[in-house]
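A.B. asks: Prediction below, plus the sequence it came from.
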Amino acid sequence: MESVQVFVQFFLNLGASVFLPVLIFLLAVAFGAKPGKSIRAALMVGVGFVGINLIIGLLMGNLGPASQAMVERFGIELSVIDVGWPASAAIAFASELAALVIPAGILLNLVLLLAKVTKTINIDIWNFWHFAFAGAMVQAVTGNIWYGLISALLFAAISLFLADWTAPAIQQLLGIPGISLPHGLSASFVPFAVVANKVIDKIPGLNKIEADPEDIKKKFGVFGEPVFVGAVIGIVIAALGYAGVDSFGVWFPQVLQVGIAMAAVMVLMPRMVALLMEGLIPLSEAAREFLQKRASGREIYLGLDSAIAIGH
């Protein structure tokens, strides 16, 4: 058990930006893609993840302090800190359950795929931490590791079913055929989103509002573009936190810096995701062709991280 945990932890310690490119390369070659194309795909995935992390760092480094200043200025007392997914993932992968969840989750996926219970093969192994985290919480409450493992695998199975259910809509929305999103966090919101959407559709007036990016841009022109929306959001939040706290020559440049940083995030994030997708699409195509040839034309989805939707 300990040796398995050490082996799994070694790969997890590489981080998503290294672990996933290695996995992408091995899978692409296994699915019949040419080595050169596989290496390029793997590198593009790594570059995409590094870029996304840099943009998130830019966001947190600028908006985080401004938001904190705003909270303190208005006397809002919040006792709980949102540590974000990196800390959550670290906690999950540090648990003794993580070493079991990854191989058991892969095995469960293959069994359900062969039994034709699911159409999704989940290659987003890095994000198995969602399942490990849920299982670790159950283990902590019950004191039983097997209850934790069963809970983690149940979560994984539900995510696969929800990924199958939403795959057609996801493919149409993102314009990427043959994919699904068995991402533990995003899949959890699907039932609530479906119910909320049905409720909104029944409310007169509200059901007529078109608020997708294209409609907003059409109605407001340049003021509806992401770069402008990001700048406005950054400036407003920074102004609420910094304005008048110090001299004009100090706080005003800070406000503008946060605004520009937010504008940059809104523009650069989709482009980093586009780089990520440039690496994932060849794998998706190779895997789909490989699996469909050996599954008598059966439709197979490649399960990816929901981060790909950020670029939409």
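C.D. replies: Structure's in. What do you need? It should be emphasised that the depicted structure is a prediction, and the values quoted were computed from it without experimental measurement.

A.B. asks: so where is this structure shaky, pLDDT-wise?
C.D. replies: Regions of the chain meeting the criterion pLDDT under 70 cover residues 1-9, 11-12, 16, 78-84, 86, 211, 213, 295-297, 310-312.

A.B. asks: how about the helices of it, start to end?
C.D. replies: Under the criterion DSSP state H, the chain contains helices at 2-12, 16-30, 35-73, 84-94, 98-114, 129-142, 145-174, 184-188, 190-202, 213-220, 226-242, 248-293.

A.B. asks: among those, which is the most enclosed?
C.D. replies: Comparing the helices of the chain by mean neighbour count (mean count of other C-beta atoms under 10 Å), helix 129-142 ranks first with a mean of 21. For glycine as for every other residue, the C-beta is placed from the backbone atoms N, C-alpha and C.

A.B. asks: what angle separates that one from helix 84-94?
C.D. replies: Using axes from the mean of the first three to the mean of the last three C-alpha atoms, to 10 degrees, one finds that helix 129-142 and helix 84-94 are set 60 degrees apart in direction.

A.B. asks: if I look at Ala42, how far off is Phe10?
C.D. replies: For Ala42, the distance to Phe10 (C-beta to C-beta, to the nearest Å) stands at 18 Å.

A.B. asks: Kindly report the same for Gly36.
C.D. replies: Between Gly36 and Phe10 the distance, using C-beta to C-beta, works out to 27 Å.

A.B. asks: of all the helices of the chain, which lies closest to Glu299?
C.D. replies: Shortest distance between Glu299 and the helices of the chain, using C-beta to C-beta, is found for helix 248-293: 7.4 Å.

A.B. asks: which helices and strands does the closest one pack with?
C.D. replies: For helix 248-293, the helices and strands in contact under the criterion 3 or more C-beta pairs under 8 Å, 6 or more residues apart in numbering; DSSP states H and E are helix 16-30, helix 35-73, helix 226-242, strand 301-303.

A.B. asks: Just send those back as JSON lines, with distance to Leu113 too.
C.D. replies: Converted to JSON lines, the helices and strands packed on helix 248-293 look like this (distance: least, C-beta to C-beta, whole Å):
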{"stretch": "helix 16-30", "distance to Leu113": "15"}
{"stretch": "helix 35-73", "distance to Leu113": "22"}
{"stretch": "helix 226-242", "distance to Leu113": "38"}
{"stretch": "strand 301-303", "distance to Leu113": "10"}
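
A.B. asks: Out of those, which is closest to Ala261?
C.D. replies: helix 35-73 (3.8 Å).

A.B. asks: where's the closest one relative to the chain centroid, distance-wise?
C.D. replies: Going by C-alpha atoms, centre = their mean, to the nearest Å, the spacing between the C-alpha centre of helix 35-73 and its chain's C-alpha centre is 12 Å.
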